[in-house]
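*Asks:* Structure for this input, please:
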Amino acid sequence: MARARRLSAPVVSICGALCLLSTGCSSERIPVNEKPVVPVSGVVHVNGAPVAGVDIQFHPDVPDESHKIFPKATTDAEGKFQAWSYRVNDGLAAGNYTLTFVDRSGPSEPFQRKDSKPDLFKGRYANPKRSEIKLTVPEESEPIDMGTIELTRP
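*Replies:* Residues are numbered from 1 along each chain as shown. Next up, the predicted model:
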């Protein structure tokens with residue numbers, strides 16, 4: 001009479017983890033409720049010159065509670081940016097947005113995280129209720145170029 005062998009718990013755990021890893025990494029993740037987006041780009045100048053590292057947030061005028069995304073962008077060395085919602089540089093969903101800006105481009109201490117650096121705008125452009133920089137993204141629009149946005153440091 002043959003005797004059944006029991007698999008040990010560690011062997012079962014390892015096999016289960018390998019199955020999850022092999023299926024979880026094989027395809028691109030699709031965000032829940034993903035909406036179509038329109039590419040949005042522009043340039044930020046600070047005191048007349050491009051600045052790298054300015055963080056931009058796009059605040060929807062009417063937040064969609066079923067759609068928790070936080071569209072953003074960061075300027076490059078030429079002050080250029082491309083908005084993204086789901087994937088880097090993909091764009092923004094249709095709607096009206098208020099833009100905010102935080103400039104943490106100043107010098108860093110060793111091992112200092114970017115978000116712990118001071119805002120060189122001193123909060124001047126960080127509040128969406130006070131920002132005058134707006135954007136409307138129509139549905140099924142051509143790519144939008146916002147042109148140059150001029151900001152000043154205090």
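
*Asks:* Counting neighbours, what do you get for residue 90?
*Replies:* 18 (other C-beta atoms under 10 Å). C-beta coordinates here come from the backbone N, C-alpha and C atoms, glycine included.

*Asks:* before we move on, what about the one 4 residues further on?
*Replies:* A count of nearby residues for residue 94, using other C-beta under 10 Å, gives 15.

*Asks:* Skipping adjacent residues, who's closest to it in space?
*Replies:* With C-beta to C-beta, 6 or more residues apart in numbering as the criterion, residue 94 has its nearest non-adjacent residue at 4.1 Å, and that residue is residue 139.

*Asks:* thought that neighbour was touching residue 92?
*Replies:* No. The pair formed by residue 139 and residue 92 falls short of the contact definition of C-beta atoms under 8 Å, at 11.3 Å.

*Asks:* Neighbour count: these two, which is higher?
*Replies:* residue 92 (23 against 10).

*Asks:* Hmm, residue 37 and that one touching each other?
*Replies:* Yes. Using C-beta under 8 Å, residue 92 is in contact with residue 37, at 5.8 Å.

*Asks:* where do the contact lists of the two overlap?
*Replies:* Shared contacts of residue 92 and residue 37, defined by C-beta atoms under 8 Å, 6 or more residues apart in numbering, are found at residue 85.

*Asks:* tell me the secondary structure for residue 135?
*Replies:* Assigned by DSSP: H, G, I helix; E, B strand; the rest coil, the conformation of residue 135 is strand.

*Asks:* Residue 37: neighbouring residues, count only.
*Replies:* Residue 37: 20 neighbours (other C-beta under 10 Å).

*Asks:* With residue 132 instead?
*Replies:* For residue 132, using other C-beta under 10 Å, the count is 7.

*Asks:* Quick check, central residue of this protein?
*Replies:* residue 72 (4.0 Å; C-alpha atoms, centre = their mean).

*Asks:* So what sits opposite it in the bridge?
*Replies:* Applying DSSP bridges to residue 72 gives these bridge partners: residue 57, residue 84.

*Asks:* OK, contacts around it?
*Replies:* Taking C-beta under 8 Å, 6+ apart, we find residue 72 in contact with 55, 56, 57, 58, 83, 84.
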